[in-house]
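>>> here you go, sequence then predicted model.
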There are 2 protein chains.
Amino acid sequence: MTTKEKILNKAISLFNTKGTENITTRHIAKAIAISQGNLHYHFPTKNVVIEELFNQFLAEIKKAERFKNNSFEKEEVIASMKGSFKIMYKYRFLFTDNEIIWRRIPKIKKTMLALFDLKKSQILEIIKLYKSQGKFRKEISEEQILFLADQFIFTITSWIGALKYMGKRRNNYDHFARFTFRIWLPYLNEKEMKAWEKILW
Amino acid sequence: MTTKEKILNKAISLFNTKGTENITTRHIAKAIAISQGNLHYHFPTKNVVIEELFNQFLAEIKKAERFKNNSFEKEEVIASMKGSFKIMYKYRFLFTDNEIIWRRIPKIKKTMLALFDLKKSQILEIIKLYKSQGKFRKEISEEQILFLADQFIFTITSWIGALKYMGKRRNNYDHFARFTFRIWLPYLNEKEMKAWEKILW
DNA sequence: GTCTATACAGCGATAGAC
DNA sequence: GTCTATCGCTGTATAGAC
């Protein structure tokens, strides 16, 4: 492992556990037993370290997407979401400390929001398909359908923060992928609801 | 207005707008034209300023609750939630910067989580009442009901963060109180759903 | 209560030797 | 590439005069 990789890996774990604002270039350097001067040889500023990690995150998210096939089968949709959550969890400081990071590096905020928008449009696609297939209960209004998409993206983008509010047993992305899909259930007709319920519980 | 009050009020607005980690005692003092030494006469440390504001927040939340009557009528439940959101919005740095604050002052984390738990139990009470009154659709499982309570508390505690993910027009607590209750709708039977829909849209 | 002055620690970042 | 040494700055907090 190159020094550069060592720095990035240690930065992830320290940011995740101690908070982005509390970890300095000195801390990272000390944790992998190199000098602070050396760290600054590889990364001119702390912001560059963060940006590099954000780019890694983006690359992994996009790579995960490429392998996803276009099926909307339940199991595959859930598996795909689990995959995304796993990556988000790996880089969770980007979400738990998002305020700090966005204030430091506005470019990251912009790119992240664009990513969320993209995800939202993908979700809307699935919702529309399901609706056209008559899987929703009839009384659900158009407004409520749009709300469902909002609610999905809202939940996905907030889920890491939510780990703190929920019981310890639930602190994993596997649970959370299921949690997210539970949003879905009461919108479905009786038959579809039962089918999802079987998978999710 | 006493100097102490001036400090607290300015601290709220600066924390809300510039971020808790970026605002120092120097900034607050300068903004109200007193010396930093004077500020430290009133508040020994920055943490004490934050704790004082947190206590103010708690007091306001509890006061709002006392005036709430025990009716579970739709309009009153919505109005009550709006009231809570208004207070949360006033002290929004406690939520947007919660990670920073919780890491600085663990006691605040503990108290906040206890507050969330209390809110959750209140919500469960309403849900159970509604269920006993047969307002839910029949196919909703017990697990899904419990999920609904989780989802409510999750949304309420994350809502400030969500303002950043949503369109600009939606940046107000009035909208958000309605948004939160939309979660509710697909769980209800047709008649109840229509009644809520009328109020919320 | 309020001020000025200052101590002290820690941060990001750079210089220069090896 | 890696080190040591150091600069300049900012943050918290305190001392002592008024």
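On my side now, so go ahead.

>>> so what's the residue nearest to the spatial centre of chain A up against?
Nearest residue to the geometric centre of chain A (Cα atoms, centre = their mean): residue A:88, 3.6 Å. Contact analysis of residue A:88 by Cβ atoms under 8 Å, 6 or more residues apart in numbering or on different chains lists A:61, A:94-95, A:159-160, A:173. Using the backbone N, CA and C atoms, a C-beta is placed for each residue, glycine as well.

>>> against residue A:112, how distant is it?
Distance, residue A:88 to residue A:112, by Cβ to Cβ, to the nearest Å: 11 Å.

>>> picking that back up, am I right that the residue nearest to the centre of chain A falls within a strand?
No: counting by DSSP: H, G, I helix; E, B strand; the rest coil, residue A:88 is located in no strand; its state is helix.

>>> which residues of chain A score low on pLDDT?
Chain A contains residues with pLDDT under 70 at A:67-70, A:165-171.

>>> near DNA strand D, which residues of it show up?
A:3, A:33-38, A:41-42 (Cβ under 7 Å from any atom of the strand).

>>> on that earlier part again, so what sits against both of residue A:88 and residue A:112?
Counting by Cβ under 8 Å, 6+ apart, the common neighbours of residue A:88 and residue A:112 are residue A:94.

>>> got the residues of chain A near DNA strand C?
Residues of chain A lying near DNA strand C by Cβ under 7 Å from any atom of the strand: A:22, A:24-27, A:36-37, A:40, A:44-47.

>>> next, count neighbours for residue A:161.
Using other Cβ atoms under 10 Å in any protein chain shown, residue A:161 has 19 neighbouring residues.

>>> contacts only, for it.
A:95-96, B:98, B:157-158, B:161.

>>> kindly recompute the last result at 10 Å.
A:92, A:95-96, A:98, B:95, B:98-99, B:154, B:157-158, B:161 (Cβ atoms under 10 Å, 6 or more residues apart in numbering or on different chains).

>>> now render the residues of chain A next to DNA strand C as JSON lines, adding secondary structure, neighbour count and distance to chain B.
Formatted as JSON lines, the residues of chain A next to DNA strand C follow (DSSP: H, G, I helix; E, B strand; the rest coil; neighbours: other Cβ atoms under 10 Å in any protein chain shown; distance: Cβ to the nearest Cβ, whole Å):
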{"residue": "A:22", "secondary structure": "coil", "neighbour count": "15", "distance to chain B": "7"}
{"residue": "A:24", "secondary structure": "coil", "neighbour count": "12", "distance to chain B": "13"}
{"residue": "A:25", "secondary structure": "helix", "neighbour count": "17", "distance to chain B": "17"}
{"residue": "A:26", "secondary structure": "helix", "neighbour count": "11", "distance to chain B": "18"}
{"residue": "A:27", "secondary structure": "helix", "neighbour count": "14", "distance to chain B": "14"}
{"residue": "A:36", "secondary structure": "helix", "neighbour count": "14", "distance to chain B": "22"}
{"residue": "A:37", "secondary structure": "helix", "neighbour count": "9", "distance to chain B": "26"}
{"residue": "A:40", "secondary structure": "helix", "neighbour count": "14", "distance to chain B": "22"}
{"residue": "A:44", "secondary structure": "coil", "neighbour count": "10", "distance to chain B": "22"}
{"residue": "A:45", "secondary structure": "coil", "neighbour count": "10", "distance to chain B": "17"}
{"residue": "A:46", "secondary structure": "helix", "neighbour count": "17", "distance to chain B": "14"}
{"residue": "A:47", "secondary structure": "helix", "neighbour count": "14", "distance to chain B": "15"}
